[in-house]
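# whatever this is, show me its structure:
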Amino acid sequence: MTSMAELLEKKVKSNSIIKVGGAFDVMSAMLVEKHDFDAIWVGGFGVSAVRALPDASIISMTEILDVSRNIANRCKIPVLVDCDTGYGGPSNVAYTVKKFEDAGIAGISIEDKHFPKQNSLFDDGKQDLISEKDFAAKIISAKDAKKDPNFMIIARTEALIANLGMNEAIRRANSYEKAGADAIFIHSK
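Below is the predicted model:
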């Protein structure tokens, strides 16, 4: 039986553009699926917003996992999940990978900010990044924890959000690729 991670991997390799639509619950995910997107993106911003909370590491890994599991159980397209900073250090990231992979998720994204993080789009938010070395350790831990080789680990750098410039963003992206990230997300406003 093909896993959702394997299905996503095949889509990535066979298409030049993958359409991914954001969702925050099963109903919104069903709309993404109905409108022929290739995958669903579950983000902390949306899940926080429907709980009338700011996107500031207030909701727990378990809350994001529950929403994501419900979506994966109902929908027939791959689900990717924004796991913020990975909910802690390398050991926490390994645990996160195991839980999300067991829930049928196709992949997760983690970002190189300090925990607790603030939403990247706050005009006057604090956008401190962890060291490149510490984030690479999280990527290595994530890669070592996964069972399905197709489970996608997306490394998200916030260097542009932190006003560190494109050279820093590219340097970090290259480092994260060397650490084993399957995809790189250079976030910007």
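
# let me see the ranges of the strands in the protein.
20-23, 39-42, 79-82, 107-111, 152-157, 183-186 (DSSP state E).

# output those in JSON lines; the columns should cover mean pLDDT and mean neighbour count.
For the C-beta atoms, the positions are set from N, CA and C on the backbone; glycine is no exception. Formatted as JSON lines, those follow (pLDDT from 0 to 100; neighbours: other C-beta atoms under 10 Å):
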{"stretch": "strand 20-23", "mean pLDDT": "97", "mean neighbour count": "19"}
{"stretch": "strand 39-42", "mean pLDDT": "98", "mean neighbour count": "24"}
{"stretch": "strand 79-82", "mean pLDDT": "98", "mean neighbour count": "27"}
{"stretch": "strand 107-111", "mean pLDDT": "97", "mean neighbour count": "25"}
{"stretch": "strand 152-157", "mean pLDDT": "97", "mean neighbour count": "24"}
{"stretch": "strand 183-186", "mean pLDDT": "95", "mean neighbour count": "16"}
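
# leaving out the residues flanking it, which one is nearest to the residue positioned nearest the centre of the chain?
For the chain, the residue nearest the mean C-alpha position is residue 109 (1.9 Å; C-alpha atoms, centre = their mean). Nearest residue to residue 109 in three dimensions, chain neighbours excluded: residue 154, at 3.9 Å (C-beta to C-beta, 6 or more residues apart in numbering).

# so that neighbour is in contact with residue 110, correct?
Yes - if you go by C-beta atoms under 8 Å, residue 154 and residue 110 touch, sitting 7.4 Å apart.

# shaky segments in this protein?
Where the chain drops to pLDDT under 70, the residues are 118-123, 125-126.

# can you give me the helices for it?
In the chain, the segments counted as helices under DSSP state H are 4-14, 26-34, 44-49, 61-74, 90-102, 132-145, 166-179.

# okay, those helices in a markdown table with mean neighbour count next?
Output for the helices of the chain, formatted as a markdown table (neighbours: other C-beta atoms under 10 Å):
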| stretch | mean neighbour count |
| --- | --- |
| helix 4-14 | 17 |
| helix 26-34 | 16 |
| helix 44-49 | 18 |
| helix 61-74 | 18 |
| helix 90-102 | 19 |
| helix 132-145 | 20 |
| helix 166-179 | 16 |
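
# now those helices in a markdown table, with distance to residue 189?
Below are those laid out as a markdown table (distance: least, C-beta to C-beta, whole Å):
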| stretch | distance to residue 189 |
| --- | --- |
| helix 4-14 | 26 |
| helix 26-34 | 24 |
| helix 44-49 | 14 |
| helix 61-74 | 23 |
| helix 90-102 | 26 |
| helix 132-145 | 21 |
| helix 166-179 | 13 |
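
# which stretch among these approaches residue 84 most closely?
Closest approach to residue 84 among the helices of the chain is made by helix 44-49 (5.4 Å; C-beta to C-beta).

# now tell me what touches the closest one from outside.
22-25, 28, 54-59, 63-64, 67, 82, 84, 119 (C-beta atoms under 8 Å, 6 or more residues apart in numbering).
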